[in-house]
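*Asks:* From the sequence below, what's the structure:
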Amino acid sequence: MSFKITYKPLIDIKINHDYFLDDGDTKFDDLSEDQKNVRLANYNISKYLTVTPVLKTSLDLRNHKIVFKQTDRGFTLLANVDEHTKAIDSSQVLCPKIQPSKDLMLTFELRFKDTYFRNYTSSIKDEENRFFYFSNIRPEGENNSLSIFFKNTKVHTQFLLQPETSRAIIYDILVNEIAPINSLGLENITLIDPKDIEEPENVDLLNTYIETQKLDGLIGYFRFGIDGRNNNDLLEDTTVEVPSGLDEVLLGLPDETPDPVLRFENTKTFWRYIDISEDEVFTTKDEQPLTQNGFIALKKNDFENPKPKNMFFSNPDKRHVTIDEDNIYSEIFI
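*Replies:* Numbering: from 1, shown residues only. Model (predicted):
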């Protein structure tokens, strides 16, 4: 007697970054299919990002026979499933062997590990005390300006939480999904009464925690609910036939696996060429995108006065980025 164990994707997340995938000022989406394949052949997010299930999610994945699998472009969740027959039309549907409750939430921490990540990644001013939140459920306190992350390609800057929501989300994750398993270093936060999160001393405590984590690479969280509300469910109610009894309602995989793409925009900077020998500085009139691949050609008229003489303008790398009077500059020494 043989047993067939089948795993199928619940969701398949891809993470693109313009800095690595664009070709100079030509966007990745505008490249030919052959050019895209060349870019993707050398692309691996593990070189600059880490995605990690939080402690409770690690246990939930194990207990529900769901596999977290990292890929070169992101990560996927694979569920151990059985095949059933839909009562409505006798078609086949795959349902998780271990049925989760509808209130199950799966949370994954996103951090950067490249020291220069913030240099080449576009951000939003006034990001202090806030982080990014990629979820199929919009949290309370956020309006429609915060995008839902479930389908299609969306830019990371659409997912920045408000400070108040950031504190509420980080409190919920720490108290309910991490501290019950390991509360080391979280003792003060676990003592906060949920009703008092916005008391001044608690605001300071949570803001300090958020900023400390961001200094250690925290970008934000991926968070997926089984019941996503508003047609954003990871699993759908499905009535299936039961050979030896009444039909049963199970949670089944949708016909199409959600496959959202998170796109990180690359930074645009003014390019400042510093001629040490002549003690001159040449600065571009407009901001230019930072990219690892390709070349952006500059002409004399692309510069403010003074304009440079005939010379070759190399493109800047990700290391030498400075902020001066709210403008961002890439510095190239010539």
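
*Asks:* how much space between the closest residue to E248 other than its chain neighbours and H84?
*Replies:* Nearest residue to E248, sequence neighbours excluded (C-beta to C-beta, 6 or more residues apart in numbering): V242, at 5.1 Å. To be clear about C-beta, it is placed using only N, CA and C from the backbone, and glycine gets the same treatment. Separation of V242 from H84 (C-beta to C-beta, to the nearest Å): 9 Å.

*Asks:* Same question for P308.
*Replies:* 70 Å.

*Asks:* And N310, by the same measure?
*Replies:* From N310 to H84 the distance is 73 Å (C-beta to C-beta).

*Asks:* and the next element down the chain from the host helix or strand of K8?
*Replies:* Take DSSP states H and E as the rule and K8 turns out to sit in strand 6-17. Counting by DSSP H and E, the next helix or strand C-terminal to strand 6-17 is helix 18-21.

*Asks:* on that earlier part again, give me the more crowded residue out of N310 and H84.
*Replies:* Higher neighbour count among N310 and H84: H84, with 19 against 5, using other C-beta atoms under 10 Å.

*Asks:* wait, doesn't that one sit right on L251?
*Replies:* No - taking contacts as C-beta atoms under 8 Å, H84 lies outside contact range of L251: 10.9 Å.

*Asks:* Which neighbours do these two have in common?
*Replies:* Counting by C-beta atoms under 8 Å, 6 or more residues apart in numbering, the residues touching both H84 and L251 are 95, 238.

*Asks:* how is this protein carved up into domains?
*Replies:* 6-264, 268-333 (automatic domain parsing).

*Asks:* Return the member of those domains having the minimum mean pLDDT.
*Replies:* The minimum mean pLDDT among the domains of the chain belongs to domain 268-333 (a mean of 90).

*Asks:* before we move on, the earlier item: looking at the domains of the chain, which is buried most?
*Replies:* Mean neighbour count, computed with mean count of other C-beta atoms under 10 Å, is highest for domain 6-264 among those, reaching a mean of 16.

*Asks:* chain center to that domain, what's the gap?
*Replies:* A distance of 7 Å separates the centroid of the chain from that of domain 6-264, by C-alpha atoms, centre = their mean, to the nearest Å.

*Asks:* Do a quick rundown of the helices in the stretch 1-150 of the chain.
*Replies:* 18-21, 33-41, 55-63, 117-120 (DSSP state H, counting those that start in this stretch).

*Asks:* Between these, which one is closest to D227.
*Replies:* Proximity to D227 (C-beta to C-beta) singles out helix 55-63 among those, at 14.7 Å.

*Asks:* Show me what the closest one is packed up against.
*Replies:* strand 66-71, strand 105-112 (3 or more C-beta pairs under 8 Å, 6 or more residues apart in numbering; DSSP states H and E).
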